[in-house]
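> Next input, structure requested:
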Amino acid sequence: MHAKQKAFRAAFPLTLPILAGFLFLGCSYGVLMVSKGFSIWYPIFMATFIFAGSMEFVTVHLLLSAFQPLSAFFLALMVNARHLFYGISMLETYRGTGRKKWYLIFGMCDESFSINFSAKISEDVDKGWFYFFVTLLNQIYWVGGTALGAVLGSFITISTKGIEFVMTALFTVIFLDQWMETKRHIPSAIGILFSVLCLALFGAEHFMLPAMAAIVLFFALFRNKLPVGSEQEVQS
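Sure, this is the predicted structure:
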């Protein structure tokens, strides 16, 4: 128990910034789901068992559209393809965590990966329990925010027009932040180029899958030939 308490105390402060963001985003997601006619249990269970914020917002559209399991599968794969690289990066980090590893794999989101990958853990703190509590706390924040939004959305009648844009706004801010932090923008420009081309070719309803497939394929083929930052940025 002492080891768990130490790990929890080390993990909790690092997750507080995630708490602020997840409460807002989760609440927006809960309100959106209820506004589309779903029971409050839908977003809560989806937040618990899917636990992939961007995909959960996409799932709202999938549940309301025609049943296309193959398209849904490939869309989910493309939206969450980055987790393949997260998993490879964490193979050594999660080695020796025992049965906790299965939950760590399931609960790995962008924020948990960022903390667990870069955290400087004291030698007297059990790393396995530290990773576990970071992952668990972040999921609790997301599920809690979603539940709050679902409950509020079921009692409070407000206009939800545009609320689904919250994830687009989030990724736009992340993109702009990365753009300003790096001096070479070739990878970003390539992503924009493929997205615009696919939008022109396939239209707004069908461009996402081919665009993301083209981007993933391009970077897989040319990852060793593309400069992603200056020498100074790499050293830092």
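
> Next, count neighbours for F85.
Counted with other Cβ atoms under 10 Å, the neighbours of F85 add up to 10. Using the backbone N, CA and C atoms, a C-beta is placed for each residue, glycine as well.

> same thing with the one 5 residues further on?
Look at M90: counted by other Cβ under 10 Å, it has 19 neighbours.

> how about the longest helix seen in the chain: buried residues?
In the chain, ranked by residue count with DSSP state H as the criterion, the top helix is helix 2-35. In terms of neighbour count (16 or more other Cβ atoms under 10 Å), helix 2-35 has its buried residues at 6-8, 10-11, 14-15, 18-19, 21-23, 25-35.

> low-scoring pLDDT stretches of this structure, where are they?
By pLDDT under 70, the low-scoring segments of the chain are 1, 157-171, 173-175, 177-178, 181, 223-236.

> Which stretches in it count as strands?
Here the chain has no strands by DSSP state E.

> quick one, helices of it?
2-35, 41-49, 53-64, 69-79, 82-89, 100-106, 110-118, 127-155, 166-181, 186-202, 208-222, 231-235.

> Pull out the buried residues from the fifth one.
The neighbour-count criterion (16+ other Cβ under 10 Å) identifies H83, Y86 as the buried residues of helix 82-89.

> Run through who's touching it.
For helix 82-89, contacts defined as Cβ atoms under 8 Å, 6 or more residues apart in numbering pick out I105, M108, D110, F113, F117.

> Not counting stretch 97-104 itself, show me its contacts.
With Cβ under 8 Å, 6+ apart as the test, stretch 97-104 has contacts from M90, Y94, N116, K127, G128, W129, Y131, F132, T135, L136.

> Now rank those by neighbours and give me the top one.
Y131 (28 neighbours).

> Could you find the closest non-adjacent residue to that residue?
Nearest residue to Y131 in three dimensions, chain neighbours excluded: N116, at 4.9 Å (Cβ to Cβ, 6 or more residues apart in numbering).

> For that neighbour, give me its contacts.
M90, T93, L104, F130, Y131, V134, T135.

> What distance do you get for the fifth one to S28?
Distance, Y131 to S28, by Cβ to Cβ, to the nearest Å: 28 Å.

> next one: the fourth one
Shown here: F130 relative to S28, a distance of 30 Å by Cβ to Cβ.

> which among the contacts of N116 gets closest to F207?
M90 (31.6 Å; Cβ to Cβ).

> So what does the closest one look like in phi/psi?
Main-chain dihedrals, M90, degrees, to the nearest 10: phi -100, psi 10.

> Kindly report the same for the one 3 residues further on.
With angles defined as degrees, to the nearest 10, T93 shows backbone torsions of phi -60, psi -40.

> Would you agree it is in contact with Y131?
Yes - at 7.5 Å, T93 and Y131 qualify as touching, with contact defined as Cβ atoms under 8 Å.

> No more questions from me, cheers.
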